[in-house]
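Trainee: Requesting a structural model of the entry that follows:
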Amino acid sequence: MSSRAFRSSSVALLLVLAARAWSATYCVDLSDSSCDVNDMGSAGVASALAAAAQTADDDTIKIGAGTYLGPYTYMPSGDAGTLTIIGSGSDKTTVSVPVPGSFGPILWLARDAVGHAANVSKLAIVIPSSAIIGVQTDGLVEDARITSVPPNGGAFGVELFGTGSGIRRCQIEMSNVPQSTGVESDPGNTLSLDPAPAFIEDSSVIDGVATVRAFAPLRMTRCRVSANGNGSLAIAARGTNVTVEDSLILVGGGGAFALRAASEMGPGSLLVRQVTAVSVGATQALAGISVDAEGPDASADVRHSIIRGFKNSTARTAVMNASATVSFSACDYPFDAHLVQGPGNTTLTEPEPNIDADPLFVDALGGNYELSDGSPAIDASYSPPIAPGESPTDLLGAPRIQDGNGDGIAARDMGAFEHPGPSTTTTTTISAVTTTTIGTVTTTAPPATTTTLPCTTARCLFDAALHGPACAGVDVPKKIITKIDGAVGLADRAGTSSGKKQRRLLARARQTLDVIGRAAAHASKGRKPHISSVCSEAISGAARTLRSELNP
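Mentor: As a prediction, this is how the structure comes out:
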């Protein structure tokens, strides 16, 4: 059959299906038993979209491997049901537009007249310089990869039009654009009355003029967001509210911000929970949290988060008769680094205790921002239960509330990563009596003579407790050993430091020593204690002795 005859028969069949108004599966370059209509190539995708827009039932479009050149538009005028577009994988199915040319969105998917969405998944969208936007949708984008073509591809990755739209398990990368906004929310063009906010889940959003724009309130969960370049901005709430939780934000470049709430056509607000925001690169970013009240008020509520490396922890600006407010609860951020501007009300509140300390990332230079053993950001003192609708897991999918410091109390950590509870291991005790066998003759050497010297170091104090008579033969839980190693390390580092750094290290060491005492006492109690009360007291005594020597 010629291609012209094939297309004619396809169009005829599409018209029949439209008249019958039943659910149909349209396949492009696929042989599948579920297919009601088969077509080929870029024109086949356009035909399937046109046919699906004419039927009142739910339809599916399946696309095979290959590159398909649009642009493609789905804008049904009546009740068209829910449309599902499925590629063969983001490494197999690619949608783009020709070069040269001038195009808006490569893929434009609107809801029908009664609110049914068009959803797309399992494909790649490549944005060349001839296009402005990758995907413009009022539905769901899943398991997709959206990239721009270096060095000057399109500026916008995904635009979410309306509440209820979202991005899940996607990689969106627009790294060719120097000045970038990772994600911005602006209610100005909201199209849907769906009460649910737009959302981004389990995705990475990398650079771009505006890698993702949501024209609705937005919730971001378990995401990695970066923005690099002078004046760059990772996440912005412009005249609406944005919630960011269990996410990692990396920002580089002068004048750059990690999170910003701005009043534009209405109040702007941020709710930030369990977020790690870090300034990276050679040039220090301007601020971690920016609140700009340009008319209406603007605010940021930051909880259990880590804000480190920025020139300013906050930048607060308010015009006359407006308020710019930042609230920190159980966070780790530099206390004395703030930029305040404007004649309005600029307020910083701390409803719960915060810390200003090195969070001890596992390997920041290598890009690992998990917390090391002994981090002061583990198990914050303020730790409410998981709220309704809040993510129960961290960025890696681990349970959010764990006993990370081994004190017997599960509590939230600060930042995007929850530190796992320490496991127990067996401690081997070496006897002082040795036996040597030579042939058939056995000789036993007497115990070695030892001389006890007064301890002058933190390590000596704890070794005397762990290896002395009180703990002989006892398997001390690893979580206690880990805390001891952390305290010793902090004390040693304080001994070689001075000024503010020394005071910070001493404060953390004293805090860790208090935890050791509580953990040892807890380990000696219960129906099946891990250590004896005598061993517990020896460990606690060493902790008290060392703490008394670490003068404030």
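Trainee: Please count neighbours and contacts with C-alpha atoms only from this point.
Mentor: OK.
Trainee: Spit out the contact partners of the residue nearest to the spatial centre of the chain.
Mentor: Geometric centre of the chain, nearest residue: residue 247, 1.7 Å, by Cα atoms, centre = their mean. By Cα atoms under 8 Å, 6 or more residues apart in numbering, the residues touching residue 247 are 220-225, 274-276, 394-395, 415-416.
Trainee: measure residue 348 to residue 270 for me?
Mentor: 14 Å (Cα to Cα, to the nearest Å).
Trainee: Who has more neighbours out of the two?
Mentor: Using other Cα atoms under 10 Å, the more surrounded residue of residue 348 and residue 270 is residue 270, with 29 against 15.
Trainee: Could you check what's spatially nearest to that one, not counting adjacent residues?
Mentor: Ranked by Cα to Cα, 6 or more residues apart in numbering and with sequence neighbours excluded, the top spatial neighbour of residue 270 is residue 300, at 4.5 Å.
Trainee: Report how many residues lie close to residue 31.
Mentor: Residue 31, neighbours per other Cα under 10 Å, totals 11.
Trainee: okay, it: pLDDT?
Mentor: On pLDDT, residue 31 comes in at 87.
Trainee: For it, give its distance to residue 37.
Mentor: 10 Å.
Trainee: rewinding a little: how about the contacts of residue 247 in JSON lines, adding distance to residue 486?
Mentor: JSON lines is the format used below for these (distance: Cα to Cα, whole Å):
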{"residue": "220", "distance to residue 486": "34"}
{"residue": "221", "distance to residue 486": "32"}
{"residue": "222", "distance to residue 486": "29"}
{"residue": "223", "distance to residue 486": "30"}
{"residue": "224", "distance to residue 486": "29"}
{"residue": "225", "distance to residue 486": "31"}
{"residue": "274", "distance to residue 486": "23"}
{"residue": "275", "distance to residue 486": "24"}
{"residue": "276", "distance to residue 486": "22"}
{"residue": "394", "distance to residue 486": "24"}
{"residue": "395", "distance to residue 486": "25"}
{"residue": "415", "distance to residue 486": "20"}
{"residue": "416", "distance to residue 486": "22"}
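Trainee: from those, which is closest to residue 108?
Mentor: residue 220 (22.5 Å; Cα to Cα).
Trainee: so when I look at the closest one, I'm seeing a strand, right?
Mentor: Yes - judged by DSSP: H, G, I helix; E, B strand; the rest coil, residue 220 forms part of a strand.
Trainee: got a list of what it touches?
Mentor: Residue 220 neighbours (Cα under 8 Å, 6+ apart): 199-201, 242-245, 247.
Trainee: Try it again at 10 Å.
Mentor: Residues in contact with residue 220 (Cα atoms under 10 Å, 6 or more residues apart in numbering) are 166-168, 183, 198-203, 235, 242-247, 272.
Trainee: And it, how far from residue 382?
Mentor: 23 Å.
Trainee: And the residue lying closest to residue 281 once chain neighbours are set aside, what's its pLDDT?
Mentor: Leaving aside its sequence neighbours, residue 281 sits nearest to residue 252 (Cα to Cα, 6+ apart; 5.5 Å). Here, the pLDDT recorded for residue 252 equals 85.
Trainee: other SSEs contacting the host helix or strand of residue 507?
Mentor: Assessed by DSSP states H and E, residue 507 sits inside helix 499-523. The contact analysis (3 or more Cα pairs under 10 Å, 6 or more residues apart in numbering; DSSP states H and E) places helix 499-523 against helix 478-495, helix 533-549.
Trainee: Relative to residue 462, which of those is closest?
Mentor: Closest among the helices and strands packed on helix 499-523, using Cα to Cα: helix 533-549, at 5.9 Å.
Trainee: Can you show me the CA trace of the closest one as PDB?
Mentor: The C-alpha trace of helix 533-549 is given here as PDB (Å, rounded to 0.1, in the frame of the first residue of the first chain):
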ATOM      1  CA  SER A 533      25.000  -0.300  84.500                       C
ATOM      2  CA  VAL A 534      28.600  -0.300  85.600                       C
ATOM      3  CA  CYS A 535      29.800   0.000  82.000                       C
ATOM      4  CA  SER A 536      27.200   2.700  81.400                       C
ATOM      5  CA  GLU A 537      28.500   4.700  84.300                       C
ATOM      6  CA  ALA A 538      32.100   4.400  83.100                       C
ATOM      7  CA  ILE A 539      31.200   5.800  79.700                       C
ATOM      8  CA  SER A 540      29.000   8.500  81.100                       C
ATOM      9  CA  GLY A 541      31.800   9.400  83.600                       C
ATOM     10  CA  ALA A 542      34.300   9.800  80.800                       C
ATOM     11  CA  ALA A 543      31.800  12.000  78.900                       C
ATOM     12  CA  ARG A 544      31.200  14.200  82.000                       C
ATOM     13  CA  THR A 545      35.000  14.500  82.700                       C
ATOM     14  CA  LEU A 546      35.700  15.600  79.100                       C
ATOM     15  CA  ARG A 547      32.800  18.000  79.100                       C
ATOM     16  CA  SER A 548      34.000  19.700  82.200                       C
ATOM     17  CA  GLU A 549      37.400  20.200  80.600                       C
END
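Trainee: Give me the distance from stretch 55-63 to the chain's centre.
Mentor: Here stretch 55-63 is found 34 Å from its chain centre; the criterion is Cα atoms, centre = their mean, to the nearest Å.
Trainee: quick check: mean pLDDT across it?
Mentor: Taken as a whole, stretch 55-63 has an average pLDDT of 93.
Trainee: Pull out the buried positions in that stretch.
Mentor: 55-63 (16 or more other Cα atoms under 10 Å).
Trainee: Could you pull out the strands in the stretch 301-450 of the chain for me?
Mentor: Secondary structure of the stretch 301-450 of the chain, counting by DSSP state E, counting those that start in this stretch: strands at 306-308, 312-318, 323-329, 338-341, 345-349, 361-363, 368-371, 435-438, 441-444.
Trainee: Return the second one as PDB; C-alpha atoms alone will do.
Mentor: Coordinates of each C-alpha in strand 312-318 appear next as PDB, following Å, rounded to 0.1, in the frame of the first residue of the first chain:
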ATOM      1  CA  ASN A 312      23.600  36.100  53.400                       C
ATOM      2  CA  SER A 313      21.300  33.700  55.000                       C
ATOM      3  CA  THR A 314      18.400  36.000  54.200                       C
ATOM      4  CA  ALA A 315      17.700  39.000  52.000                       C
ATOM      5  CA  ARG A 316      14.600  40.900  53.200                       C
ATOM      6  CA  THR A 317      13.200  43.900  51.300                       C
ATOM      7  CA  ALA A 318      10.000  45.700  52.100                       C
END
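Trainee: Run me through the strand neighbours of it, direction for each.
Mentor: strand 287-293 (parallel), strand 338-341 (parallel) (DSSP bridges).
Trainee: In a markdown table: these, plus mean neighbour count.
Mentor: What follows is the strands paired with strand 312-318, written out as a markdown table (neighbours: other Cα atoms under 10 Å):
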| stretch | mean neighbour count |
| --- | --- |
| strand 287-293 | 30 |
| strand 338-341 | 16 |
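Trainee: so what secondary structure elements neighbour whatever helix or strand residue 104 lives in?
Mentor: According to DSSP H and E, residue 104 maps onto strand 103-109. In terms of contacts (3+ Cα pairs under 10 Å, 6+ apart), strand 103-109 is packed against strand 72-74, strand 93-96, strand 118-121, strand 124-127, strand 131-137, strand 156-160.
Trainee: please redo it, this time with the cut-off set to 6 Å
Mentor: strand 72-74, strand 131-137 (3 or more Cα pairs under 6 Å, 6 or more residues apart in numbering; DSSP states H and E).
Trainee: which stretch in those has the least confidence?
Mentor: strand 131-137 (a mean of 88).
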